[in-house]
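> Whatever this is, show me its structure:
(one chain, ligands or ions: 1)
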Amino acid sequence: MVRGERNMQFLKGNNLPRVKSSNQSAILRMIYYYGPIQRAEIAERLELTLPTITTNINKMLEEGLVRQVNAAHISGAANGRRAALLEINAGSEFFVGVELVGEQWSVCVADFCGQILSSRCGEVRDKSYEAVMRQFADSYAECLAESRKRPEDICGVGIGLPGLIDRENGTLWKNSTFQWSNKKVRQDFAALTGYRGRITVENNATARGISAQIFHWKELARGRSFAYMLVASGIACPVFLNNSGYRGSVVGTGEAGHMVIDPHGRSCNCGNRGCLEAYASERSIINECINEMHQERAVTLSRLCVDSERPTMEEILRAQQEGDRDVGRVIEEAIYILAIAMSNIINFTRPDTMLVDCKLFTSMNNRNLLLNKSKSALCNPTFYGADIRFAEAGNFANALGGVAVAIDEKLENVE
Ligand SMILES: [Zn+2]
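Next up, the predicted model:
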C-alpha cells in the first residue's frame, strides 16, 4: 500500500474543490519543509503560477496558519526591493502525540512545529490493552491541563503503536509482543477522552519515520528514499520514498522483526520459530541477560539492577559500560544479528539513508560494532550505499512520532 495515492487522485481529478485542496496541501507542505521561503520559490518548486500561489497563501495568512517574516533581498533586483518570506505559524495549531515503543509509553502536547509544551512518560506495568489505553487517556488530560489547552484547541491526535495497524480505520490488527488483536484504538481513545477531533493511528516505527520526514525534510529530501529501523520490543523498518519535492510515501508495513533467520531457532511471540526479534530486539537482550543472571553470571548487572527479573535496557547498557563481559557478549551477539538484518534490508531496498532508532546505540562502541559488522554483510561492501544515522537519546522518551502523524494529517487535509 502506497500512501499518497489519494493525493495523486486529487491531482488527476477535475473536481475543482479537490484540486484546490490539493494545491493548498502542497503549498502548506512547501512552507512547512522549506520555510522561511519566498512565494516565487514555492511557485517554481511546485510548477504553479504565482497568482495561484498568492490566492492560496492569502487564505492561509488569514487563517493564521502561516506568517510573513523579515524580508529577504531579491538577488539582482534594483532599488533594494525585498520579498517577504513565509513560514509556519507555530502557535496556530496544537497537537497531541501518543506513543508506545517497547514498554515505554509517552504522551505530549506540541505546537505546529513540534515544540513540546507538556509531556508525560513511563514504563508499562500492566500490559493489558485496557490499562495502556487508560494510561494514555489520563496522561492526555494531564498534558492538556498543564499546557492550558482545551480539547477544542487540539487540531488532531496521533497515536503510534507497535504491530500491524489499519490507519484508515484506526484499528490495530495484531501486536504479538503485547498479545493484542483487533482493537478499535481510535474509537476507544475517543470514548475514554471525549476528544471529538481527528484521531490518527499508525504503526510506531512508521510514525517515527514520518517524524523524521516532516521535522528533518531538508536533510532527507536529498535522497530518494530512507528507511527507519526501530528496535524496541520488536523490530520494524518501514521504507519511505520521497516521490515528489514536497511529500513522501511509506511502502509496506516494514515488519522486519518476523523475518525468519533460523527455521529451527528460538521461539517467537508470534508463534513461529527463529524470527529476527527473538535474537536482536530489546526483549531478547533482556531475556538473555536474565538467563545469564540465573546462571550466576553477569555479576555487574546483578549488582546494579533494581529487579533482577526485570532489568531495564538502561541498566544493561550501564553494566556493559562497566565491563560486564557476559552482558557485553549478549549485546554483541544481538548487534551481530541486527547488522546482518540491516544489511539485508539495505541490499534489498538500497535506501539513501538508514535511520536507526535503538537504545543500544547511545553507546559509540555499539554503533561502531554495528557499522563494522554490517559492512561485511553487504552484497557490495565497496559501495557502502546508505548513509547510516542514529536517533539521539532524547528521542526515546517523547511522543513526537505521534505528533508528526497528527501534523501530517493536517498538512494533507488542509481546508
Ligand atoms: Zn515472530
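> ok, Ile285 - contacts?
313, 316, 330-331, 334, 360 (CB atoms under 8 Å, 6 or more residues apart in numbering). C-beta: built from backbone N, CA, C; applies to glycine.
> per-residue confidence for it?
Looking at Ile285, its pLDDT is 97.
> what separates it from Gly102, distance-wise?
Distance of Ile285 to Gly102, computed by CB to CB, to the nearest Å: 11 Å.
> The residue in the stretch 301-415 of the chain that the ion sits nearest to: how many residues sit nearby?
Here the stretch 301-415 of the chain gets closest to the ion at one residue, Ala341, 12.9 Å apart by CB to the ion. The tally of other residues near Ala341 (other CB atoms under 10 Å) stands at 24.
> Once you drop chain neighbours, what's closest to it?
Leu276 (5.3 Å; CB to CB, 6 or more residues apart in numbering).
> residues touching the one you found, list them.
Leu276 sits in contact with 235, 256-261, 337, 341, where contact means CB under 8 Å, 6+ apart.
> what's the closest of the residues you listed to the ion?
The closest of these to the ion turns out to be His258 (CB to the ion; 3.8 Å).
> who touches both of Ile285 and Gly102?
Met313.
> care to break the chain down by domain?
Per automatic domain parsing, the domain ranges recorded for the chain read 5-91, 93-211+398-412, 223-391.
> thinking again about what came up before, any idea how far Ala397 is from the residue nearest to Ala341?
25 Å.
> for Asn204, same thing?
14 Å.
> Name the residue in these two with the higher neighbour count.
Asn204 (27 against 16).
> which SS class is Ser211?
Under DSSP: H, G, I helix; E, B strand; the rest coil, the three-state class of Ser211 is helix.
> and it, how many neighbours does it have?
Neighbours of Ser211 (other CB under 10 Å): 29.
> can you check Glu152 too?
9.
> What residues does the stretch 151-300 of the chain have near the ion?
258, 268, 270, 272, 275 (CB under 5 Å from the ion).
> Most neighbours among the residues you listed, which one?
Cys275 (28 neighbours).
> OK, contacts around the residue in the stretch 1-150 of the chain that the ion sits nearest to?
Relative to the ion, the nearest point of the stretch 1-150 of the chain is Gly102 (16.1 Å; CB to the ion). Residues near Gly102 by CB under 8 Å, 6+ apart: 232-233, 282-283, 313.
> Which residue comes closest to it once chain neighbours are left out?
Computed as CB to CB, 6+ apart, the closest residue to Gly102 that is not its neighbour in sequence is Ala232, at 3.4 Å.
> just Tyr32 next, same as before
Ile88 (5.5 Å).
> Does that neighbour touch Val66 like I think?
Yes - assessed by CB atoms under 8 Å, Ile88 is found in contact with Val66 at 5.9 Å.
> who's Phe390 bridged to?
Using DSSP bridges, the bridge partners assigned to Phe390 are Val356.
> Give the residue spans of this structure that score low on pLDDT.
The chain contains residues with pLDDT under 70 at 1-21, 72-82, 243-248, 252-253, 379-385, 394, 396.
> let's go with 50 and repeat that
1-16, 18 (pLDDT under 50).
> Show me the residue at the heart of it, geometrically.
Arg208 (0.4 Å; CA atoms, centre = their mean).
> And the helices in the stretch 101-250 of the chain?
129-146, 185-193, 204-215, 217-220 (DSSP state H, counting those that start in this stretch).
> winner for burial among those helices?
helix 204-215 (a mean of 26; mean count of other CB atoms under 10 Å).
> Would you mind putting the CA coordinates of it into PDB?
Provided in PDB are the C-alpha atoms of helix 204-215 (Å, rounded to 0.1, in the frame of the first residue of the first chain):
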ATOM      1  CA  ASN A 204       5.100   3.400  15.800                       C
ATOM      2  CA  ALA A 205       8.100   2.900  13.500                       C
ATOM      3  CA  THR A 206       6.200   4.500  10.700                       C
ATOM      4  CA  ALA A 207       5.100   7.300  13.000                       C
ATOM      5  CA  ARG A 208       8.800   8.000  13.900                       C
ATOM      6  CA  GLY A 209       9.700   7.800  10.200                       C
ATOM      7  CA  ILE A 210       7.100  10.400   9.500                       C
ATOM      8  CA  SER A 211       8.500  12.500  12.300                       C
ATOM      9  CA  ALA A 212      12.000  12.300  10.700                       C
ATOM     10  CA  GLN A 213      10.400  13.200   7.400                       C
ATOM     11  CA  ILE A 214       8.400  16.200   8.400                       C
ATOM     12  CA  PHE A 215      10.800  17.600  11.000                       C
END
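> now for that helix, which elements pack on it?
Under the contact criterion of 3 or more CB pairs under 8 Å, 6 or more residues apart in numbering; DSSP states H and E, helix 204-215 touches strand 94-101, strand 154-161, strand 225-231, strand 235-236, strand 249-251, strand 353-357, helix 400-412.
> Export these as JSON lines, with columns for mean neighbour count.
Shown next, in JSON lines, are the helices and strands packed on helix 204-215 (neighbours: other CB atoms under 10 Å):
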{"stretch": "strand 94-101", "mean neighbour count": "28"}
{"stretch": "strand 154-161", "mean neighbour count": "26"}
{"stretch": "strand 225-231", "mean neighbour count": "26"}
{"stretch": "strand 235-236", "mean neighbour count": "28"}
{"stretch": "strand 249-251", "mean neighbour count": "20"}
{"stretch": "strand 353-357", "mean neighbour count": "23"}
{"stretch": "helix 400-412", "mean neighbour count": "27"}
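> Dump the ones you listed to TSV, plus distance to Gln24.
Below are those laid out as TSV (distance: least, CB to CB, whole Å):
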stretch	distance to Gln24
strand 94-101	19
strand 154-161	15
strand 225-231	26
strand 235-236	32
strand 249-251	19
strand 353-357	29
helix 400-412	10
